[in-house]
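Student: Pasting a predicted model and its sequence here:
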Amino acid sequence: MHIALIAETHFGNTAEIADALAAGAKQAGATVTRVDAAATHLPPGTDLLVLAAPTHSGGLSTPRSRAQAVSQGAPESGRGVREWIAGAQLPDGLPAHAVATVTGPHSGSASRAIVELLNRRGLTATSRGDFTVAGTRGPLVEGEITRAREVGRVLAGGGVPTPVPAPVARRSPRRGWLARLLG
């Protein structure tokens, strides 16, 4: 089995998850390619496509949200996963898995948008998973790298990962007038 893993990242958190997925799936010959460098066709013999992206404004990034990330210190980036999907040559019926980094359970998820776009393109995107970061820039919540490696092992074995709710990031203590108001 060969897994092609394409990742969009801005602050490095989604790249860490993609690398951990690939490490877990090493027996399947998983390769990670950053979306900016990804060809519009998959390598011959690809058995599973895994797309990883950060969640921006509740879904996949847009040129505008990527520009906002750059204004917050992220490196310049060209296309995102949304644009890659739109321009890629994808074989009908190819199994796919979507992954996203999220800041919490109510932040929306880029993985949901990835599944919808891939299914519209004729792929069989039936599973997705979210991994939690402690804020826009991260870091990843403790245990997420280990969880990503396990998901990679399951994918490499031809299985579908059991959906596990992403852990909630611990917030720093409240300060200022809002903290006093909320007690």
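Tutor: Great, that's in hand. Numbers count the residues shown, from 1 in each chain.
Student: What ranges does this structure have for its helices?
Tutor: 13-24, 63-71, 81-87, 110-120, 144-156, 176-182 (DSSP state H).
Student: Go through those and pick out the most buried.
Tutor: helix 13-24 (a mean of 23; mean count of other C-beta atoms under 10 Å). In this view, the C-beta of every residue, glycine as well, is placed from N, C-alpha and C.
Student: now that helix: mean pLDDT?
Tutor: Helix 13-24 comes out with an average pLDDT of 96.
Student: beta partners of residue 100?
Tutor: Beta-bridge pairing of residue 100, defined through DSSP bridges, involves residue 53, residue 130.
Student: Tell me who's in contact with it.
Tutor: Taking C-beta atoms under 8 Å, 6 or more residues apart in numbering as the contact definition, residue 100 lies against 14, 52-55, 109-112, 114, 128-131.
Student: And the residues you listed, which is closest to residue 6?
Tutor: Here the nearest of these to residue 6, counting by C-beta to C-beta, is residue 52; it sits at 7.2 Å.
Student: Please tell me how far the closest one sits from residue 122.
Tutor: Using C-beta to C-beta, to the nearest Å, residue 52 is found at 21 Å from residue 122.
Student: For those two, indicate the residue with more neighbours.
Tutor: Neighbour tally, residue 52 and residue 122, criterion other C-beta atoms under 10 Å: the higher count belongs to residue 52, 29 against 11.
Student: didn't the more buried one look like it was pressed against residue 13?
Tutor: No - with contact taken as C-beta atoms under 8 Å, residue 52 and residue 13 are classed as non-touching, separated by 10.1 Å.
Student: Where does the prediction get shaky in this structure?
Tutor: Low-confidence regions of the chain, defined by pLDDT under 70, span residues 162-183.
Student: Stretch 36-50: end-to-end distance?
Tutor: For stretch 36-50, the separation between the terminal residues is 15 Å (C-alpha to C-alpha, to the nearest Å).
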